[in-house]
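*Asks:* I'll drop the sequence and a predicted model, then ask my questions.
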Amino acid sequence: MSAVVCPNGHPSESTDYCDVCGEPIGAASTPAAAPAGAPSPAASASPAAEPAQCPHCGFVAPPGALFCENCGYDFTTGALPDPVEPPSALSLDPPSAPTPAPSSSAPAPSPGAPAPGDPGPSPASAATPPPLPGQAPAGTTGGGTGEPATSGTHLPTPPVPGPDQWVAEIWIDPDWYAAQQPEDPMPSAGLPGLVVLRERSVLVGRPSVSRGIHPQVDCGADTGVSRRHCQLSTDGQRWWVEDLQSANGTYVSPAGEPLPTDPVPAGQRRELADGDRIYLGAWTRIVVRKALPGEA
């Protein structure tokens, strides 16, 4: 059989597709043998084939390539390889071939019916209703972890030791407000707020729902108070205050003395004497004292 020449100038024994580059060969291909004195087929053919670019992924393939080395695109038929599902990161099994679609003649199971081979729910699980949205499953109290739930985001501390009950008075102090000269207007000064101190360590600050901060001594109206401003702790007879690197500092002054000017160093505990006043924020003054009958 005489050889034919493909449109790219390659001699080929096959007459339908080129043996070298796979290019379709037309019926009017020029035979490889040429009479003497005639120009050679390679000289009369088009210039040498250039690298082909894959129309699917854009990868540049070498001249005469039948398939794209990057995505497997078939330059001859224009077909793509069948996609293979990648294996899971936790699976050691090789990737499996795509599963054929089920026959449309088989009836689809109803939503509540068990799958073939499934024994179905046990009597105990069938009798237990599913939990509502936001409700922990039965038998747990901490969001499905099996641990008791805690209020807020801070861990509960032991109660105050000893027989005495303690409270914190939260005052609006006009003198402290005048010394700070804040931009926010001061609320009307009146009777103090009263907070019973039931834990050995309590947080003083402003609440934040997004950050999960819920201080026991809430100074939320005073924007000069940090979210986690300071901490009060006790051994049952004495109290200490510790600044938690607040933005405006924590100040302590005895009753009847001038307003303090030096803040408590952050991270250091300062023992409170009887009647000491804690100043923080733009107008807040806190006094820790023993509870009177009926206050706790």
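*Replies:* Great, that's in hand.
*Asks:* show me where pLDDT drops low in this structure?
*Replies:* Applying pLDDT under 70 to the chain flags residues 1-2, 26-49, 81-157, 162.
*Asks:* same thing but at 50, please
*Replies:* Scanning the chain for pLDDT under 50 picks out the ranges 28-35, 37-46, 89, 91, 121, 123-129, 131-154.
*Asks:* Quick one: the strands in it, in order.
*Replies:* In the chain, the strands defined using DSSP state E lie at 4-5, 11-12, 52-53, 60-61, 166-172, 193-197, 201-205, 217-218, 228-234, 239-243, 250-253, 269-272, 277-280, 284-290.
*Asks:* Flag every buried residue along stretch 176-186.
*Replies:* Across stretch 176-186, burial judged by 16 or more other CB atoms under 10 Å covers Trp176, Tyr177, Gln180, Met186. Quick note: C-beta positions are derived from backbone N, CA and C, even for glycine.
*Asks:* which ones are touching the nearest residue to the second one once chain neighbours are set aside?
*Replies:* Excluding its sequence neighbours, the residue lying closest to Tyr177 (CB to CB, 6 or more residues apart in numbering) is Trp283, at 4.0 Å. Remark: with contacts taken as CB atoms under 8 Å, 6 or more residues apart in numbering, Trp283 is in contact with Ile172, Asp173, Pro174, Trp176, Tyr177, Gln180, Pro182, Met186, Pro187, Asp222, Gly224.
*Asks:* again, only using 6 Å
*Replies:* Ile172, Asp173, Trp176, Tyr177, Met186 (CB atoms under 6 Å, 6 or more residues apart in numbering).
*Asks:* what's the answer for Cys71, then?
*Replies:* With CB under 6 Å, 6+ apart, Cys71 has these contacts: His56, Cys57.
*Asks:* Distance-wise, check it relative to Pro55.
*Replies:* Distance of Cys71 to Pro55, computed by CB to CB, to the nearest Å: 10 Å.
*Asks:* related to what we said a few turns ago, of all the contacts of Trp283, which comes closest to Val287?
*Replies:* Val287 has its nearest neighbour among those in Asp173, at 10.5 Å by CB to CB.
*Asks:* what number of residues lie near that closest one?
*Replies:* Using other CB atoms under 10 Å, Asp173 has 20 neighbouring residues.
*Asks:* my guess is it meets Ile286, correct?
*Replies:* No: using CB atoms under 6 Å, Asp173 is not in contact with Ile286; the gap is 9.8 Å.
*Asks:* Mutual contacts of these two, please.
*Replies:* Common neighbours of Asp173 and Ile286 (CB under 6 Å, 6+ apart) do not exist.
*Asks:* how about the contacts of Trp283 in CSV, adding distance to Gly193?
*Replies:* Shown next, in CSV, are the contacts of Trp283 (distance: CB to CB, whole Å):
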residue, distance to Gly193
Ile172, 9
Asp173, 13
Trp176, 16
Tyr177, 16
Met186, 15
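*Asks:* Of those residues, which belong to helices?
*Replies:* Among the contacts of Trp283, DSSP state H puts Trp176, Tyr177 in helices.
*Asks:* Nearest to Lys290 among the contacts of Trp283?
*Replies:* Asp173 (21.6 Å).
*Asks:* Contact partners for the closest one?
*Replies:* By CB under 6 Å, 6+ apart, the contact list for Asp173 reads Trp283, Arg285.
*Asks:* and it, what are its phi and psi?
*Replies:* Torsion angles at Asp173 (phi, psi; degrees, to the nearest 10) stand at phi -100, psi 110.
*Asks:* Report the contact partners of Ala168.
*Replies:* By CB under 6 Å, 6+ apart, the residues touching Ala168 are Val195, Leu197, Val217, Ile286, Val288.
*Asks:* Going by distance to Tyr17, which of the residues you listed wins?
*Replies:* Proximity of the contacts of Ala168 to Tyr17, judged by CB to CB, is greatest for Val217, which lies at 86.4 Å.
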